[in-house]
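**Student:** heads up, no residue letters with this:
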C-alpha cells in the first residue's frame, strides 16, 4: 500500500457535511489553522462524507471557513472518493491475521456489556470481543442471518499518545470496526489513512475526541503509518454544560448574521474566549496573537444571542 506524504507536513480540518458549522466548530477550525500556519505547515481540508451527508452542507461549510479568514492548500479531499484505498488496507490487515468478522448488532453489544457489568479493561462502550474467536462453522451459521462487519484484532489492551495540552494519555484499545456490514469504511480506519495521504502530521481537534487518539494511534502503527502529533483543544458548551449543538439556537454563522451580528463580531467573541489581548475580527488576528492563546482554562460556555444579548468574555 503506497501513501503520499507531501512537503513539510500539514495541519487539517475535517468536518462531516451533516449541517452548517456552529461557533464551536469554527473555533476549532481557526485553532487548527493557526497552529499549522504558525509552524509553517500546509493546511488542508477534508470532507468526511462517508455518512451523515446533508445536501449543500459541504459547500456552505467551506464558504463559512473562508468568511472567517481561513485559507487552505488545495485540493479539498472528499473522503468518499478513497473508499477503495480504505478497503485495500483492510485486505492487508486481514492477510496478516489482524481482522475478524463480527455479526453483532449495536443492541446485542450493549446488552452483553451491561450483562457483564461493563466493558473489559474499563473502556466505556468497548466491544467485548463476542465474535473474536468464532469457529468457521459458527461464522458460516451467523453469516446466514446478516452480513458481517470487519473488526480489527487489536494487538494491545492499551495505547499511549502525547498531546501538547493534555500530556501523556493512555486509553484502552478495543477491536474497533474497520468496515461496516454494508461495506462502508468506518471512521477510525478512514481518518488515519487519509491523514497520512494528505501529509497531515498535526491534528488539532476538540478534546472530546482525546480518548479516541490512542486507539487511532494503535491502528496507525499496525498499518505502518507515522503517528501524528495531537493538540486537543477545549470544547464549546451550551448553558447547560453540554457540548454545543445546532439545536441550541443561533449558533451557526448564518443564524448569527440573521440575528444581526457580523462575522467580525463573532470572531471578537471567539478571540475573547481564547484570552487574546487585542481585538479579533478574522482568523489572521488570532494567528498574529497566537503566542497569547489561553487553552488550559477549560471549555467556553457560549450563550446564543437569541437567549441573551451578552456574550461570555472567556472560558
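**Tutor:** Great, that's in hand. Since the model is a prediction, treat every value here as computed from it, not as a measurement.
**Student:** so is the residue sitting furthest away from the middle of the chain in a helix, a strand, or just coil?
**Tutor:** Largest separation from the mean C-alpha position in the chain: residue 137, at 37.9 Å (CA atoms, centre = their mean). On the three-state scheme (DSSP: H, G, I helix; E, B strand; the rest coil), residue 137 is labelled helix.
**Student:** again with residue 205
**Tutor:** strand.
**Student:** that older thread, run through the residues that contact the residue farthest from the centre of the chain.
**Tutor:** Applying CB atoms under 8 Å, 6 or more residues apart in numbering to residue 137 gives no contacts. Yep, even glycine has a C-beta here, placed from its N, CA and C like the rest.
**Student:** quick check, residue 80 in a helix?
**Tutor:** Yes. Under three-state DSSP, residue 80 falls within a helix.
**Student:** that one touches residue 49, doesn't it?
**Tutor:** Yes. If you go by CB atoms under 8 Å, residue 80 and residue 49 touch, sitting 4.8 Å apart.
**Student:** so which of the two has more stuff around it?
**Tutor:** residue 49 (19 against 16; other CB atoms under 10 Å).
**Student:** tell me the SS of the more buried one?
**Tutor:** Here residue 49 is recorded as coil under three-state DSSP.
**Student:** any idea how far residue 176 is from it?
**Tutor:** Separation of residue 49 from residue 176 (CB to CB, to the nearest Å): 20 Å.
**Student:** same check on residue 254?
**Tutor:** Distance from residue 254 to residue 176, by CB to CB: 35 Å.
**Student:** more neighbours: these two, which one.
**Tutor:** Between residue 254 and residue 176, counted using other CB under 10 Å, the more crowded position is residue 176 (19 against 14).
**Student:** which stretches of the stretch 201-315 of the chain form helices?
**Tutor:** For the stretch 201-315 of the chain, applying DSSP state H, counting those that start in this stretch gives helices covering 213-222, 253-258, 263-273, 283-288.
**Student:** which among the ones you listed is found nearest to residue 15?
**Tutor:** Closest approach to residue 15 among these (CB to CB): helix 253-258, 13.2 Å.
**Student:** mind listing what's buried in the closest one?
**Tutor:** 253, 255-256 (16 or more other CB atoms under 10 Å).
**Student:** rewinding a little: out of the helices of the stretch 201-315 of the chain, deepest packed?
**Tutor:** Stretch with highest mean neighbour count among those: helix 213-222 (a mean of 22; mean count of other CB atoms under 10 Å).
**Student:** strands of the stretch 151-300 of the chain, start to end?
**Tutor:** 158-163, 167-172, 177-179, 200-206, 229-233, 236-237, 300-301 (DSSP state E, counting those that start in this stretch).
**Student:** parallel or antiparallel, which strands does the longest one pair with?
**Tutor:** According to DSSP bridges, strand 200-206 has the following sheet partners: strand 10-13 (parallel), strand 229-233 (parallel).
**Student:** out of the ones you listed, which gets nearest to residue 70?
**Tutor:** strand 10-13 (7.9 Å).
**Student:** before we move on, the earlier item: of the strands paired with strand 200-206, which approaches residue 37 most closely?
**Tutor:** strand 10-13 (7.9 Å).
**Student:** buried residues in the helix or strand following that closest one, which are they?
**Tutor:** Following strand 10-13 in sequence order, the next helix or strand is helix 23-38 (DSSP states H and E). Within helix 23-38, the residues that count as buried by 16+ other CB under 10 Å are 23-37.
**Student:** try stretch 281-300
**Tutor:** Buried, per 16+ other CB under 10 Å, within stretch 281-300: 281-287, 289-290, 293, 295, 299-300.
**Student:** hmm, back to that, deepest in the core, which of the strands paired with strand 200-206 is it.
**Tutor:** Most buried among these, counting by mean count of other CB under 10 Å: strand 10-13, with a mean of 25.
**Student:** run the chain-centre distance for that one.
**Tutor:** Computed by CA atoms, centre = their mean, to the nearest Å, the chain-centroid distance of strand 10-13 equals 12 Å.
**Student:** same check, this time on stretch 271-286
**Tutor:** For stretch 271-286, the distance to the chain centre is 24 Å (CA atoms, centre = their mean).
**Student:** start to end distance for stretch 57-75?
**Tutor:** End-to-end distance of stretch 57-75 (CA to CA, to the nearest Å): 18 Å.
**Student:** can you pull out the residues in contact with it?
**Tutor:** Contacts of stretch 57-75 (CB under 8 Å, 6+ apart): 10, 13, 15, 17-21, 26, 29-30, 33, 42-45, 47, 49, 76, 252-254, 263, 266-267, 282-284.
**Student:** go with 7 Å
**Tutor:** Residues outside stretch 57-75 that contact it (CB atoms under 7 Å, 6 or more residues apart in numbering): 15, 17-21, 26, 29-30, 33, 42-45, 47, 49, 76, 253, 263, 267, 282-284.
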